[in-house]
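Student: Sharing a model prediction with you, sequence too.
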Amino acid sequence: MFVCALILVTASVTSPIDRDSQFGVYVAFNVLLCLVLPLALAKACGWSWSDVGFQMGNGRCALAWIAIATIFMFPPLIACARMEQFQAYYPFYTPAKESFSAFIEFALGMTIYLFGWEFLFRGFMLFVVRRRLGAWAILIQAIPFWLAHVGKPQVEFISALPGGVMAGVIAWQCNSFIPVFVIHAIMNVLLNAFVIAFAR
C-alpha cells in the first residue's frame, strides 16, 4: 500500500499538465490521484475511511494546533513572501496576480488540491504505515513529502522535511489529517496573498 502511495505521489509531481493554462485540470487530476484512488484502495483492503485518518478526530487538539501554527507561521510567511525566489515562483497561476476574482478561484482550487495532498501524506501514508511501524510512520511519510518539494524555492524545500515531520505529529495526535489540511490551506492562501501584496 505504501508503494502504491509513492507511485501516486510520483505521478502527481511529474504530471505534464500545465498548472498555469490548465489549472482546473491540474487540480482535478491531483484530487483523483491523491484522494479518490487512495480512498478506493482503502475500501478494497476492507478498511474504513477512519482507519486512514479520514475523520474529524480530536476536535480540541485540532483547534489548538491550527491556532498555534497560524500564529507561529505568520511572520515567516511574510518574510518569505518578500524574497525574490518566492516572488518568482508564486502564485504559479498567473491570472491570480491580475484580478481578485482570479485569486479567489486560485485559492479555492488550491484548497481542494491540498485536501487531497494532505490526505495522501498525513492520512493514507501515515495511518497505513503506522499499522506496521508505529511512530516511524511520522518520518516515513515526511520523506516523500519533502522530495515532492524539489524545484520549489530553496527555503521551502529545506523546511519541507521538518515541516512534514511536524505535520505528521499533528495528524498523529489529532487522529486525523484534517487539522493539517486546514493549516496548510491557510498558509497557502496567506503566502500567495503576501507575495502579491509585496510584488515589486
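Tutor: Received the coordinates, thanks.

Student: could you pull out the helices for the chain?
Tutor: 2-13, 23-31, 37-44, 59-81, 84-89, 100-118, 126-133, 136-147, 154-174, 178-197 (DSSP state H).

Student: Can you add mean pLDDT and distance to G53 and give those back as JSON lines?
Tutor: All C-beta atoms are positioned from the backbone trio N, CA, C, and that covers glycine. As requested, the helices of the chain are exported to JSON lines (pLDDT from 0 to 100; distance: least, Cβ to Cβ, whole Å):
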{"stretch": "helix 2-13", "mean pLDDT": "63", "distance to G53": "13"}
{"stretch": "helix 23-31", "mean pLDDT": "93", "distance to G53": "17"}
{"stretch": "helix 37-44", "mean pLDDT": "91", "distance to G53": "10"}
{"stretch": "helix 59-81", "mean pLDDT": "95", "distance to G53": "12"}
{"stretch": "helix 84-89", "mean pLDDT": "95", "distance to G53": "30"}
{"stretch": "helix 100-118", "mean pLDDT": "96", "distance to G53": "9"}
{"stretch": "helix 126-133", "mean pLDDT": "92", "distance to G53": "5"}
{"stretch": "helix 136-147", "mean pLDDT": "94", "distance to G53": "11"}
{"stretch": "helix 154-174", "mean pLDDT": "96", "distance to G53": "6"}
{"stretch": "helix 178-197", "mean pLDDT": "97", "distance to G53": "8"}
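
Student: would you turn these into TSV with mean neighbour count?
Tutor: Formatted as TSV, those follow (neighbours: other Cβ atoms under 10 Å):
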stretch	mean neighbour count
helix 2-13	16
helix 23-31	18
helix 37-44	16
helix 59-81	15
helix 84-89	14
helix 100-118	19
helix 126-133	19
helix 136-147	19
helix 154-174	19
helix 178-197	20
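
Student: What is the burial count for D20?
Tutor: For D20, the neighbour count with other Cβ atoms under 10 Å is 12.

Student: Show the contacting residues for it.
Tutor: Taking Cβ atoms under 8 Å, 6 or more residues apart in numbering as the criterion, D20 is in contact with 92-94.

Student: ok, of those residues, which one's closest to P75?
Tutor: Lowest distance from P75 to the contacts of D20 (Cβ to Cβ) belongs to F92, with 23.6 Å.

Student: Count the neighbours of the closest one for me.
Tutor: Neighbour tally, F92, other Cβ under 10 Å: 15.

Student: per-residue confidence at it?
Tutor: F92 is assigned a pLDDT of 91 by the prediction.

Student: The nearest residue to it once chain neighbours are set aside and C45, how far apart?
Tutor: The shortest distance from F92 to any non-neighbouring residue, by Cβ to Cβ, 6 or more residues apart in numbering, is to R19 (5.2 Å). Distance from R19 to C45, counting by Cβ to Cβ, to the nearest Å: 32 Å.
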